[in-house]
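Colleague: Provided below are the primary sequence and the corresponding predicted coordinates.
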Amino acid sequence: MNNDKFLVSWKKGDEGFIDQHCIHFQKSEFECKCNKDHEQIIDIRLVQGLEYIRGLVKKPIKINSGYRCGAHNATVKNADPKSKHIYGIAADIVIPGFDVRRYLKIMAILKGKGFNGFGIFLYEGSRMHIDLRPESECYLGTALW
Ligand SMILES: [Zn+2]
């Protein structure tokens, strides 16, 4: 798996879009939530998928978590130590007003666009994890926490 050509990197605090064509998502929205001044990386295909969904739902999509450095990931409750967030290929998102049924619809759409990892969180109105893991590792999970 060689995803390097799709990775965009920047320095914490840089302004602008990750992809010029994806104007609803700023670099800052995907930055690691730790306070360290390290490099940030995100796969451009992740943002392109989100921009596509943004066009369909016509609502702002909140990025709860984008890139995570390993140290920060280790502090996230219930996070997999090999979380796809560490590789810049995952996002946890909230679409206002969406329930599990609607997130499943989003999953079906993204499955056809190179996304193979999904998690539906079933608490507090729910949110969704999406990632670009290879098809051979295809995953759908639910979380009650
Ligand atoms: Zn960090």
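Modeller: That came through, no problem. Residues are numbered from 1 along each chain as shown.

Colleague: how many neighbours does residue 101 have?
Modeller: The local packing of residue 101 (other Cβ atoms under 10 Å) involves 8 other residues. C-beta: built from backbone N, CA, C; applies to glycine.

Colleague: Report the secondary structure state of it.
Modeller: For residue 101, the assignment made with DSSP: H, G, I helix; E, B strand; the rest coil gives helix.

Colleague: wouldn't residue 76 be in contact with residue 69 here?
Modeller: No. The pair residue 76 and residue 69 does not pass the contact test of Cβ atoms under 8 Å, sitting 11.0 Å apart.

Colleague: Which phi and psi values does the residue nearest to the spatial centre of the chain adopt?
Modeller: Among the residues of the chain, the one closest to the centroid is residue 91, at 1.3 Å (Cα atoms, centre = their mean). According to degrees, to the nearest 10, the main-chain angles of residue 91 amount to phi -150, psi 150.

Colleague: And for the one 3 residues further on?
Modeller: With angles defined as degrees, to the nearest 10, residue 94 shows backbone torsions of phi -130, psi 130.

Colleague: same check, this time on residue 47
Modeller: Note on residue 47: its backbone torsions stand at phi -70, psi -40 [degrees, to the nearest 10].

Colleague: now this protein, which segments are flagged as low pLDDT?
Modeller: 1-2, 124-125, 144-145 (pLDDT under 70).
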